[in-house]
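In: quick one, fold the following:
(one chain, ligands or ions: 1)
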Amino acid sequence: MKVFVLTGAGISAESGIPTFRGDDGLWEGHRVEDVATPQAFQRNPKLVHEFYNKRRRFLQNESVVPNLAHQALAEFERDHDDEFLLVTQNIDDLHQRAGSRQVLPMHGELLKARCTLTGDVIEWRDDLTVDTVHPTEPDLVGTLRPHVVWFGETPIGLDQIADFAQRCDLFIAIGTSALVYPAAGIVQSTGPHCRCVEINLDDTPQSSHFDTALRGKASVEVPRFLQSL
Ligand code: OAD
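Out: Take a look at the predicted model:
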């Protein structure tokens, strides 16, 4: 059985990382256009760096650790002998820390920086500023940006995602509001025989395209469902 898992912010909520869409429609007090677009970075790189610096620091806080849902997925992958792909919209590294190996972070990774001139992608745990010097190109100052996908940019790995969506036998979407495309549309690109399972606290705009809805916390529902397979 070929298994495709898609995760969103809901899977990391119980690890203490806030989800994106609060009741006020703001993202930690910011409008998305002010912090998560290429235009925002051009207009006010300091603000954008500060926003991601805060998140990067928080991610490395010792209280932030993978939860039972991340762990169950890693264990399932270890014991699974057919194809498996875990596509995450999350920019945290909690799947990798839990031991998942075939992880495709389609919206980038907070613990990486990218050079806007050379395209180099570099492991990065410190703050980034407009004065940050490229670690191997000392002449390049202020060229590093967070290696995250902003609104208006193309997510990572779309060909691999499209290919596996068509071939998988089981598609599981966990903790995603299904509001941001193309991730939200993956369920509709799965093949006719694929079983689609949605795990979320609530219904989403894509719920009608799933065969099974499991409503509850990811830390409970994900281990329970994977054990039932
Ligand atoms: P959202 O914050 O939009 O949605 C989180 C979803 O998780 C909601 O549907 C909640 O009901 C659900 N949820 C919350 N806690 C949960 C729990 N403990 N167990 C199960 N479900 C839970 O996050 P995403 O769907 O991941 O993109 O957001 C998608 C994209 O929008 C993000 O990757 C980001 C953002 O803007 C970019 O930055 C490009």
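
In: which bits of the protein sit near the ligand?
Out: 8-10, 13-14, 19-21, 36, 89, 107, 149, 175-177, 179-180, 200-202, 204, 217-218 (CB under 6 Å from any ligand atom). Every C-beta, even on glycine, is put in place using the N, C-alpha and C of the backbone.

In: what packs against the helix or strand bottoming out on mean pLDDT in the chain?
Out: In the chain, no helix or strand scores lower on mean pLDDT, DSSP states H and E than helix 32-35, which sits at a mean of 83. Judged by 3 or more CB pairs under 8 Å, 6 or more residues apart in numbering; DSSP states H and E, the packing partners of helix 32-35 are helix 38-43, helix 45-59.

In: want to try a markdown table for these, with mean neighbour count and mean pLDDT as columns?
Out: Formatted as a markdown table, these follow (neighbours: other CB atoms under 10 Å; pLDDT from 0 to 100):
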| stretch | mean neighbour count | mean pLDDT |
| --- | --- | --- |
| helix 38-43 | 14 | 95 |
| helix 45-59 | 17 | 96 |
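
In: show me the contacts for the residue of the chain most remote from its centre.
Out: Largest separation from the mean C-alpha position in the chain: residue 139, at 32.6 Å (CA atoms, centre = their mean). Counting by CB atoms under 8 Å, 6 or more residues apart in numbering, residue 139 touches no other residue.

In: what comes into contact with the longest strand along the chain?
Out: Ordering each strand of the chain by length in residues (DSSP state E) puts strand 108-115 first. Strand 108-115 has contacts (CB under 8 Å, 6+ apart) with 52, 55-56, 59, 91-93, 120-125, 128, 132, 134, 137, 140, 143-149, 156.

In: just the buried residues of those.
Out: Buried members of the contacts of strand 108-115, counted by 16 or more other CB atoms under 10 Å: 52, 55-56, 59, 91-93, 120, 124, 128, 132, 134, 140, 143-149, 156.

In: from those residues, which land in helices?
Out: 52, 55-56, 59 (DSSP state H).

In: number of nearby residues for residue 188?
Out: 10 (other CB atoms under 10 Å).

In: can you check residue 224 too?
Out: Count around residue 224 with other CB under 10 Å applied: 14.

In: am I right that it sits in a helix?
Out: Yes - under DSSP: H, G, I helix; E, B strand; the rest coil, residue 224 sits within a helix.

In: tell me how far it lies from residue 216.
Out: Separation of residue 224 from residue 216 (CB to CB, to the nearest Å) stands at 9 Å.

In: same question for residue 13.
Out: Per CB to CB, residue 13 is found 13 Å from residue 216.

In: tell me which of the two has more neighbours.
Out: residue 13 (18 against 12).

In: so what pLDDT did the more buried one get?
Out: pLDDT, residue 13: 94.

In: swap in residue 129?
Out: So residue 129 comes in at 98 (pLDDT).

In: show me the strands in the chain, by range?
Out: Counting by DSSP E, the strands of the chain are 3-7, 84-88, 103-105, 108-115, 121-123, 144-148, 170-174, 195-200, 212-215.

In: many thanks, we can stop here.
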